[in-house]
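Enquirer: Here you go, sequence then predicted model.
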Amino acid sequence: MAGAYVYDFSEGSREQAALLGGKGANLAEMTRLGLPVPPGFTIGTDACRVFLRTGAPPAELEGEIADHLARLEASIGRSLGRPDDPLLVSVRSGARFSMPGMMDTILDVGLNDASVLGLAKARGRERFAWDSYRRLVQMYGTTVLGVNPARFEDVLTRRRLRLGAADDLGLDVRELTGIVDEFRAIVREDTGEEFPQDPREQLAGAVLAVFRSWNGERARVYRRREHIPDDLGTAVTVQAMVFGNSGPDSGTGVAFTRDPGTGRAGVYGDYLPDAQGEDVVSGVRDALPLQALEGLDPAAYARLTEYLRQLESHYRDLCDVEFTIERGRLWILQTRVGKRTAEAAFRIGCALVDEGTITWSEALSRVDGGQLDQLTFPRFDAHGDAAPLAHGIPASPGAAVGAVVFEVAEATRRAAAGERVVLVRHETSPDDLPGMIAAEAVVTGRGGKTSHAAVVARGMGKVCVCGAADLDIDIEGGRCTGADGTVVEAGDVVSVDGTAGTVYVGALPLVPSAVTRYLETGARSAGVVEAVARFLDRADQVRRLQVMANADTAEDAARARRFGARGIGLCRTEHMFLGARRPLVEDLILARTDADRRHALDALLPLQREDFTDILAAMDGLPVTIRLLDPPLHEFLPDHTDSAVRLARMRAMGREPAPHDVHVHEAIERLHEANPMLGLRGVRLALTVPGLVATQVRAIGEAVVARLRAGGDPRAEIMIPLVATVEELRVVREEVERVLDEVGRAAGLPVRCPVGTMIELPRAALTAGSIAPTADFFSFGTNDLTQTTWGLSRDDAEASFLAAYLERGILAVSPFESIDRDGVGRLVRLAVDEGRRARPDLRIGVCGEHAGDPASIHFFHEVGVDYLSCSPFRLPSARLEAARAAAGTDAEADSR
Ligand code: ADP
Ligand code: MG
Ligand code: MG
């Protein structure tokens with residue numbers, strides 16, 4: 001094709017979403033499939049990018065649009081805005097990644113004072129023509145000319161109320177012509193210009209408005225949330241209008257090839273007779289369930305279900321479809337692979353694998369760890385006797401408790417202050433997006449399963465009940481009233497059950513979800529549990545990364561094992577020195593003589609031995625990687641200020657404090673560090689506090705002996721933290737081995753534990769090649785490695801500047817949440833490579849927060865790490881993500 005920017009539907013295909021936008025690409029695809037798509041053409045995203053860069057569209061664009069329009073007119077036999085029987089078009093936005101409702105679309109372009117009469121005459125339906133004109137002036141006025149939408153709404157409401165009409169169907173031709181006049185007067189007043197009568201001027205204005213809507217506030221908010229880059233731009237599709245508002249034999253709707261809530265097969269959707277486009281989504285009128293169409297127009301319904309089947313098998317996934325019926329004739333206006341809940345994602349994946357439609361690795365590419373996490377969120381306990389405040393449509397499942405808010409600004413304000421809120425609105429529009437992001441749940445009084453609230457909430461995994469018609473919502477008054485007269489004021493707490501579609505007053509008790517019960521007990525049951533179980537079974541076969549847990553107690557170890565851990569990758573010992581045992585550590589720190597110190601350590605030994613014995617029992621047969629004491633000792637002493645104040649107060653009252661308190665205070669002062677993160681901790685403690693290593697290792701060795709004697713299979717491993725140079729590791733390792741030998745000789749049993757090191761300082765990573773021969777394994781402590789590589793302390797950064805960095809886009813994501821591939825990741829890669837080169841059998845793991853983060857897991861897979869160790873509750877999603885990494889799924893692209 002000659003042109004560089006514009007493509008006819010017949011020229012494109014679904015692979016071209018980057019150029020044509022998802023909408024344009026799929027319209028082209030459906031045109032090629034022979035579906036009844038009104039003809040049209042798409043302006044590629046590159047034209048929008050020129051506009052975004054230079055502030056003007058490319059010079060060639062006008063001519064190309066004119067050529068394509070001429071061809072469209074010729075093929076249809078009508079021309080844009082011609083006075084007798086005009087061609088009208090829609091001008092539609094559509095980016096590479098679906099941004100439902102976030103940008104603008106203008107319908108009925110081409111109507112003016114003359115062509116509205118021609119349209120009425122040609123179609124023999126006067127009301128319809130004026131309804132369309134009314135819509136054009138309203139949509140064009142707001143999106144192209146920037147008129148405040150409330151001004152138009154006010155006119156409509158005022159006229160409706162005067163006539164006592166329930167909705168806009170009650171407005172007759174006379175009213176509508178009056179409304180158009182009023183609307184045009186508003187445009188004149190607000191902009192100082194007439195509503196343009198030239199159809200080509202309308203078209204050009206609409207195209208520019210769509211370009212501009214890429215940078216509209218709501219589009220930007222949505223992109224930030226969904227991690228969609230800001231520089232992609234939108235395509236613009238120009239398409240011949242078809243008219244669902246032509247009368248009772250017409251209508252418009254949205255259909256899904258399966259239930260997007262549960263994944264169940266069947267036809268789902270909403271249908272609105274005698275309506276155009278946005279009416280379904282905006283919830284201005286309550287839609288009928290799609291099944292009702294079967295009664296209204298059986299032939300159109302049969303054709304629609306046939307097309308749905310065809311689309312699902314073509315796209316090999318759940319599709320959602322916009323359609324319009326004009327006087328009995330069915331048109332398909334949009335399709336895309338549909339957004340779905342987490343439950344539906346897992347169930348559809350299994351169903352399509354079973355049908356032989358997709359492979360397991362495709363199925364793995366379509367679910368992610370975040371969705372699995374959602375399924376483990378708690379549910380409400382049986383609601384008992386509580387009568388719901390309101391019933392609505394279960395639009396997005398889950399349980400949420402929060403304070404009711406009616407205003408978006410209020411929602412964001414309260415959420416920022418750490419409160420959980422439930423946003424209650426008549427219906428939502430894209431302007432409500434920040435409030436929806438802030439809220440735990442969204443409740444609307446109007447709108448169906450495909451209303452804006454429902455679609456957006458499902459996409460975000462938020463709980464949503466929509467169309468709660470029995471809830472009387474008074475936004476201005478800040479209150480809503482249930483069917484039984486119960487009044488809920490702003491700030492009152494409600495519980496929202498998005499699975500059942502009910503809202504309750506107060507906070508209902510929560511219980512574990514069915515998926516969590518399965519993870520805990522292994523009990524499978526039909527439906528989503530079975531689907532999750534099958535995915536995890538599959539994931540365990542596919543993944544190369546081993547998955548272990550961070551667990552410090554026997555209880556955690558047992559849970560981790562149930563959640564699929566193949567051992568403990570990080571067992572911290574510090575908790576063994578807290579609580580009732582803190583005085584023993586105090587004694588150790590205060591010891592003045594070797595005998596005192598020995599005494600203190602001897603008291604700790606049996607306690608630690610017991611702890612280790614229990615943990616090894618819980619993880620029998622699997623590795624338990626025990627990290628020697630890591631935190632600075634002053635963490636085991638009272639707070640410096642508290643202690644100083646106590647002593648000062650005693651002295652002020654003329655009393656001499658107890659000598660013990662004075663000693664403790666001296667120790668606090670002695671151990672005080674300006675920067676404890678970089679001070680006396682980790683291996684440095686092991687090398688400077690006499691007897692500390694020996695006691696810990698003895699406890700471990702004796703626990704191993706106890707487990708061996710009990711017939712168990714203990715696999716303790718010893719891990720040295722914060723090593724910077726191989727010398728530190730060498731000295732400590734010698735001591736570890738000496739103590740284990742002693743324990744073994746005394747017991748008459750061989751006690752051998754692998755000894756490895758954490759790699760959590762840049763120097764350790766950079767000298768991995770010289771450390772590796774002395775280490776049986778490496779475990780990347782990515783939290784400390786991130787702090788020390790960036791030269792910042794996590795707590796300080798999070799409390800001060802990190803939020804500002806994220807806000808200003810200096811960081812796209814916190815390096816503590818997701819591994820910084822370029823910096824920290826480079827050190828990891830280097831240490832893996834050089835460590836392995838020095839010692840090919842070196843086992844390499846990761847035990848920081850990052851081991852549970854999906855994007856980081858893909859990175860660790862890539863660089864050849866052997867195992868992950870994360871907190872027990874993140875294990876299931878880590879198993880899944882490790883498998884997705886192995887199946888070659890790109891976590892970044894997929895998260896959109
Ligand atoms: P969004 O991306 O917000 O869904 P769309 O471009 O899909 O915006 O358009 C909004 C509404 O207008 C949809 O319901 C769509 O089906 C309808 N619509 C778009 N183009 C046409 C057309 N040519 N004829 C009839 N209805 C249309
Ligand atoms: Mg659409
Ligand atoms: Mg550390």
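Expert: All right, it came through fine. Residues are numbered from 1 along each chain as shown. Ligands and ions are numbered 1, 2, ... in the order given.
Enquirer: how about the strands in the stretch 251-400 of the chain?
Expert: Ranges of strands within the stretch 251-400 of the chain are 251-258, 265-273, 288-289, 319-326, 329-337, 379-380, 390-391, 393-396, 399-405, based on DSSP state E, counting those that start in this stretch.
Enquirer: Same question for the stretch 1-150 of the chain.
Expert: Using DSSP E, counting those that start in this stretch, strands in the stretch 1-150 of the chain cover 6-8, 40-43, 89-95, 105-109.
Enquirer: tell me what the first one is packed against?
Expert: Applying 3 or more CB pairs under 8 Å, 6 or more residues apart in numbering; DSSP states H and E, one finds that strand 6-8 makes contact with helix 17-33, strand 40-43, helix 61-76. For every residue, glycine as well, the C-beta is placed using N, CA and C.
Enquirer: Of those, flag the one that's most buried.
Expert: Per residue and on average, the most neighbours among those fall to strand 40-43, with a mean of 27 (mean count of other CB atoms under 10 Å).
Enquirer: I'd like the mean pLDDT over it, please.
Expert: Taken as a whole, strand 40-43 has a mean pLDDT of 98.
Enquirer: ditto for stretch 584-594
Expert: Mean pLDDT, stretch 584-594: 87.
Enquirer: Return the distance of that stretch from the chain's centre.
Expert: Centroid separation for stretch 584-594 versus its chain: 50 Å, with CA atoms, centre = their mean, to the nearest Å.
Enquirer: Output it as PDB, restricted to C-alpha atoms.
Expert: The C-alpha trace of stretch 584-594 is given here as PDB (Å, rounded to 0.1, in the frame of the first residue of the first chain):
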ATOM      1  CA  LEU A 584      21.300 -15.100  78.700                       C
ATOM      2  CA  VAL A 585      22.700 -13.100  75.800                       C
ATOM      3  CA  GLU A 586      23.000 -10.100  78.100                       C
ATOM      4  CA  ASP A 587      25.100 -12.300  80.400                       C
ATOM      5  CA  LEU A 588      27.300 -13.300  77.400                       C
ATOM      6  CA  ILE A 589      27.800  -9.700  76.400                       C
ATOM      7  CA  LEU A 590      28.600  -8.500  80.000                       C
ATOM      8  CA  ALA A 591      30.900 -11.400  80.800                       C
ATOM      9  CA  ARG A 592      34.200 -10.100  82.100                       C
ATOM     10  CA  THR A 593      36.000 -13.400  82.500                       C
ATOM     11  CA  ASP A 594      36.300 -16.500  80.300                       C
END
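Enquirer: in it, what counts as buried?
Expert: Of the residues in stretch 584-594, 584, 585, 586, 587, 588, 589, 590, 591 count as buried by neighbour count, 16 or more other CB atoms under 10 Å.
Enquirer: same check, this time on stretch 416-433
Expert: 420-430, 432-433.
Enquirer: What of stretch 138-153?
Expert: For stretch 138-153, by 16+ other CB under 10 Å, it's 138, 139, 140, 141, 142, 143, 144, 145, 147, 151, 152.
Enquirer: which residues touch the second one?
Expert: So that's residue 139. Applying CB atoms under 8 Å, 6 or more residues apart in numbering to residue 139 gives the contacts 105, 106, 107, 108.
Enquirer: Mind doing that once more with 7 Å?
Expert: 106, 107 (CB atoms under 7 Å, 6 or more residues apart in numbering).
Enquirer: what about it, distance to residue 432?
Expert: Distance of residue 139 to residue 432, computed by CB to CB, to the nearest Å: 19 Å.
Enquirer: Next: residue 635.
Expert: From residue 635 over to residue 432 (counting by CB to CB), the distance is 46 Å.
Enquirer: can you put the strands of the stretch 251-400 of the chain in a markdown table and add mean neighbour count and mean pLDDT?
Expert: Formatted as a markdown table, the strands of the stretch 251-400 of the chain follow (neighbours: other CB atoms under 10 Å; pLDDT from 0 to 100):
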| stretch | mean neighbour count | mean pLDDT |
| --- | --- | --- |
| strand 251-258 | 26 | 95 |
| strand 265-273 | 22 | 90 |
| strand 288-289 | 16 | 92 |
| strand 319-326 | 24 | 96 |
| strand 329-337 | 22 | 97 |
| strand 379-380 | 22 | 88 |
| strand 390-391 | 23 | 94 |
| strand 393-396 | 26 | 88 |
| strand 399-405 | 23 | 95 |
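Enquirer: Adding distance to residue 457, write those out as JSON lines.
Expert: Output for those, formatted as JSON lines (distance: least, CB to CB, whole Å):
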{"stretch": "strand 251-258", "distance to residue 457": "15"}
{"stretch": "strand 265-273", "distance to residue 457": "15"}
{"stretch": "strand 288-289", "distance to residue 457": "19"}
{"stretch": "strand 319-326", "distance to residue 457": "15"}
{"stretch": "strand 329-337", "distance to residue 457": "18"}
{"stretch": "strand 379-380", "distance to residue 457": "17"}
{"stretch": "strand 390-391", "distance to residue 457": "16"}
{"stretch": "strand 393-396", "distance to residue 457": "4"}
{"stretch": "strand 399-405", "distance to residue 457": "11"}
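Enquirer: Next up, the contacts around the residue in the stretch 501-650 of the chain positioned nearest to ligand 3.
Expert: With CB to the ion as the measure, residue 630 is the residue of the stretch 501-650 of the chain nearest to ligand 3, at 6.1 Å. Residues in contact with residue 630 (CB under 7 Å, 6+ apart) are 574, 681, 682, 721, 722.
Enquirer: Does the third one touch residue 719 like I think?
Expert: Pointing back at residue 682 there. No. The pair residue 682 / residue 719 is not scored as a contact, 10.7 Å apart, by CB atoms under 7 Å.
Enquirer: which residue packs closest to residue 598, ignoring adjacent ones?
Expert: Using CB to CB, 6 or more residues apart in numbering and skipping the chain neighbours, the partner closest in space to residue 598 is residue 691 (6.9 Å).
Enquirer: looking at it, that neighbour is touching residue 599, isn't it?
Expert: No. Using CB under 7 Å, residue 691 is not in contact with residue 599; the gap is 10.6 Å.
Enquirer: The two: which has the busier surroundings?
Expert: Counting neighbours by other CB atoms under 10 Å for residue 691 and for residue 599 shows that residue 691 has the greater number, 17 against 14.
Enquirer: Relative to ligand 3, how far out is that one?
Expert: As judged by CB to the ion, to the nearest Å, residue 691 and ligand 3 stand 23 Å apart.
Enquirer: cool, residue 762 as well?
Expert: Note on residue 762: its distance to ligand 3, by CB to the ion, is 13 Å.
Enquirer: What of residue 27?
Expert: Counting by CB to the ion - residue 27 and ligand 3 are separated by 54 Å.
Enquirer: residues in contact with that residue?
Expert: 9, 37, 237, 334.
Enquirer: about what we covered before: got JSON lines for the buried residues of stretch 138-153, with pLDDT too?
Expert: Output for the buried residues of stretch 138-153, formatted as JSON lines (pLDDT from 0 to 100):
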{"residue": "138", "pLDDT": "96"}
{"residue": "139", "pLDDT": "95"}
{"residue": "140", "pLDDT": "97"}
{"residue": "141", "pLDDT": "96"}
{"residue": "142", "pLDDT": "94"}
{"residue": "143", "pLDDT": "93"}
{"residue": "144", "pLDDT": "95"}
{"residue": "145", "pLDDT": "95"}
{"residue": "147", "pLDDT": "95"}
{"residue": "151", "pLDDT": "94"}
{"residue": "152", "pLDDT": "95"}
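Enquirer: Please identify which pair of these lies farthest apart.
Expert: 144 and 151 (15.0 Å; CB to CB).
Enquirer: on that earlier part again, would you format the buried residues of stretch 138-153 as a markdown table with distance to ligand 3 included?
Expert: What follows is the buried residues of stretch 138-153, written out as a markdown table (distance: CB to the ion, whole Å):
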| residue | distance to ligand 3 |
| --- | --- |
| 138 | 60 |
| 139 | 57 |
| 140 | 60 |
| 141 | 60 |
| 142 | 55 |
| 143 | 53 |
| 144 | 57 |
| 145 | 59 |
| 147 | 58 |
| 151 | 60 |
| 152 | 60 |
